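Participant: Need coordinates for the following:
(one chain, ligands or ions: 1)
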Amino acid sequence: MSAVAEQTQVLADRINALEESSTLAMTKMARELAAQGHKVISLSVGEPDFKTPAFICEAAKKAIDDGFHGYSPVAGYPDLRKAIADKLKRDNNIDWKPENIVVSTGAKHSLANVIQVLVNPGDEVLIFAPYWVSYSEMVKLAEGKSVIVEGAFDNGFKVTAAQLEAAITPRTKVVMYASPNNPTGAVYSEAELREIGAVLEKHEGVYVLADEIYEYINFTEEGHFSMGSIPALKDRVITVNGVAKGFAMTGWRIGFIGAAKWIADGVEKLQGQVTSGTNSIAQKAAVAAFNGPLDATIEMTKAYARRRDLVVGLLKEIPGFKVNVPDGAFYAFPDVSYYFGKSDGTNLIKDSDDFANWLLNNSYVSTVAGSGFGAPNCIRISTAAADESLAEAVQRIKDAVATLK
Ligand SMILES: Cc1ncc(COP(=O)(O)O)c(C=O)c1O
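Facilitator: Numbering: from 1, shown residues only. Alright, predicted model coming up:
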């Protein structure tokens, strides 16, 4: 046995059972190819290509000058929890007090915390698919059982209330979804969420983890609707959000939950033993973000909408691609299964993993296979890049697939 294999055996079973994040793995490979001198267009990472708005950066600089250098309260500074409570009231019609808010190190951390706090071994967590790669792994870490409920391509990749009803069992503890969705860009309308909510109202022991991290990147006229605003469900919905996507602040690592006090207290207790309060400077920046104007956010969203139109239009011209029209977020998620079983003479494309790897190595465009998102016929293409790069990337993809027979 190799030294590495032996060392791996020493790792705890829970770590050996985890999948590596496929988005981060593709991004790493793309970086390696770029370092070798290839002209890689990296569309695998879920990250705005904009800079954080200046007024938010100024607040962080001031926080440094004002001496916010010490440990912060575990659940977040009071002014940030208040700003978040105000934001939830203003944008989401959710009436939580600061005591219902817990700030964490990114929405990813918030989601992982809630799962640790609510899920016992063997509890079922219903995940609306396609889903963000980390959901199922977070459930695995809590020894829960992921139950995947698949949104059909023909229904805009959205799960229906009837599907949810059929999937709930006495072991269901949590239902988890993102709207706007990563990877599909699907946005659940108010009517759809109310129908889903009506099913959940009948199942009192079921909690809802509503991931709203892409809230502001929404191209629909209706806009965003939060399940947590439904009074009958308010105490059972944990709303998760943060600053990463809407304010172009991925590296600042601020996420939060708004939840019933006993759930917020559970998260605070866990966080108090694991990470403590998150970065003090970033918290002050987040106060500025949540209390400040949304002009920059709105401008960024306009750019994402324009790029969505560009990429979707170009992808539709590729023979065999089935392309949905995303209503939010910054991804395209074409079904590329037409090419499974085809070959360039040397490489046989069996599935979406082969497809994404082949594309990276042959046309130097990095995408992510749909398999990690629970959608093995698709690939995810980030549209958070300059228009010219996006146009060139899709052209490269078009040229590449033309060689597959
Ligand atoms: C659906 C979804 N939820 C949560 C997150 C995590 O956000 P954060 O950067 O705040 O941890 C992401 C980031 O890619 C995401 O796509």
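Participant: Write out the residues of the stretch 251-400 of the chain neighbouring the ligand.
Facilitator: By CB under 6 Å from any ligand atom, the residues of the stretch 251-400 of the chain that approach the ligand are G255. No exception for glycine: its C-beta is placed from N, CA and C like everyone else's.
Participant: Can you check the pLDDT for the residue of the stretch 251-400 of the chain found nearest the ligand?
Facilitator: Of all residues in the stretch 251-400 of the chain, the one sitting closest to the ligand is G255 (4.3 Å; CB to the nearest ligand atom). According to the prediction, G255 has pLDDT 98.
Participant: is it in a bridge, and if so with what?
Facilitator: Beta-bridge pairing for G255 (DSSP bridges): S104, G242.
Participant: wouldn't it be in contact with V102 here?
Facilitator: No: G255 is not in contact with V102 according to CB atoms under 8 Å; the separation is 9.4 Å.
Participant: Overlap in contacts, those two.
Facilitator: S110 (CB atoms under 8 Å, 6 or more residues apart in numbering).
Participant: thinking again about what came up before, next up, the contacts around the residue of the stretch 251-400 of the chain closest to the ligand.
Facilitator: By CB under 8 Å, 6+ apart, the residues touching G255 are 103-111, 213, 240-244.
Participant: where does the chain dip in pLDDT?
Facilitator: By pLDDT under 70, the chain has no low-scoring segment.
Participant: Give me the contacts around stretch 316-328.
Facilitator: 153, 156-157, 179-181, 184-187, 214, 217-220, 308, 312, 315, 332-339, 394, 397-398, 401.
Participant: Show the end-to-end separation of it, please.
Facilitator: Stretch 316-328 has an end-to-end distance of 18 Å (CA to CA, to the nearest Å).
Participant: about what we covered before: please tell me how far the residue of the stretch 251-400 of the chain closest to the ligand sits from P73.
Facilitator: 16 Å (CB to CB, to the nearest Å).
Participant: try A391
Facilitator: Using CB to CB, A391 is found at 48 Å from P73.
Participant: ranges for the strands of the chain?
Facilitator: 41-42, 101-104, 124-129, 145-150, 172-178, 207-211, 237-242, 255-258, 331-332, 365-366, 368-369, 379-382 (DSSP state E).
Participant: if we can go back for a sec, derive a PyMOL selection command for the buried subset of the contacts of stretch 316-328.
Facilitator: A single PyMOL command selects the buried members of the contacts of stretch 316-328 (16 or more other CB atoms under 10 Å):
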select buried, resi 153+156+157+179+180+181+184+185+186+187+214+217+218+219+308+312+315+332+333+334+335+336+337+338+339+394+397+398+401
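Participant: Which of the contacts of stretch 316-328 fall in helices?
Facilitator: Among the contacts of stretch 316-328, the members found in helices (DSSP state H) are 308, 312, 315, 394, 397-398, 401.
Participant: List just the nearest of the contacts of G255 to G272.
Facilitator: Within the contacts of G255, proximity to G272 (CB to CB) peaks at S104, which comes in at 11.6 Å.
Participant: and the closest one, what does it touch?
Facilitator: Neighbouring residues of S104 by CB under 8 Å, 6+ apart: 110, 113, 254-257, 267, 271, 275, 278.
Participant: Repeat that for D49.
Facilitator: 384-386.
Participant: hmm, which of the residues you listed are the buried ones?
Facilitator: Burial by neighbour count, judged by 16+ other CB under 10 Å, picks out 384-385 from the contacts of D49.
Participant: and the contacts of D49 as CSV, adding distance to G197?
Facilitator: Formatted as CSV, those follow (distance: CB to CB, whole Å):
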residue, distance to G197
A384, 31
A385, 36
A386, 39
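Participant: Mind telling me which residue of the stretch 101-250 of the chain is nearest the ligand?
Facilitator: The ligand sits closest to G106 of the stretch 101-250 of the chain, with a gap of 2.7 Å, by CB to the nearest ligand atom.
Participant: Pull up the gap between that residue and A244, please.
Facilitator: For G106, the distance to A244 - CB to CB - is 6 Å.
Participant: for A356, same thing?
Facilitator: 23 Å.
Participant: cool, and A30?
Facilitator: Distance from A30 to A244, by CB to CB: 20 Å.
Participant: Then N93?
Facilitator: Relative to A244, N93 is positioned 23 Å away (CB to CB).
Participant: swap in N361?
Facilitator: 30 Å.
Participant: Compare the two and say which is more crowded by neighbours.
Facilitator: For N361 versus A244, neighbours defined as other CB atoms under 10 Å are more numerous around A244 (22 against 13).
Participant: Just give me the neighbour total for A303.
Facilitator: A303: 17 neighbours (other CB under 10 Å).
Participant: same deal with V274?
Facilitator: 13.
Participant: P326 now?
Facilitator: For P326, the count of nearby residues is 28 (other CB under 10 Å).
Participant: Next: A12.
Facilitator: Residues near A12, counting by other CB under 10 Å: 8.
Participant: wait, what's in contact with the residue of the stretch 101-250 of the chain closest to the ligand?
Facilitator: G106 neighbours (CB under 8 Å, 6+ apart): 242, 244, 253-255.
Participant: quick one, phi/psi of it?
Facilitator: Torsion angles at G106 (phi, psi; degrees, to the nearest 10) stand at phi 100, psi 160.
Participant: and if you look at A259?
Facilitator: According to degrees, to the nearest 10, A259 has phi -160, psi 170.
Participant: returning to that earlier point: dump the contacts of S104 into a markdown table; add distance to A289 as well.
Facilitator: Output for the contacts of S104, formatted as a markdown table (distance: CB to CB, whole Å):
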| residue | distance to A289 |
| --- | --- |
| S110 | 16 |
| N113 | 21 |
| I254 | 8 |
| G255 | 12 |
| F256 | 12 |
| I257 | 17 |
| V267 | 21 |
| Q271 | 21 |
| T275 | 21 |
| T278 | 14 |
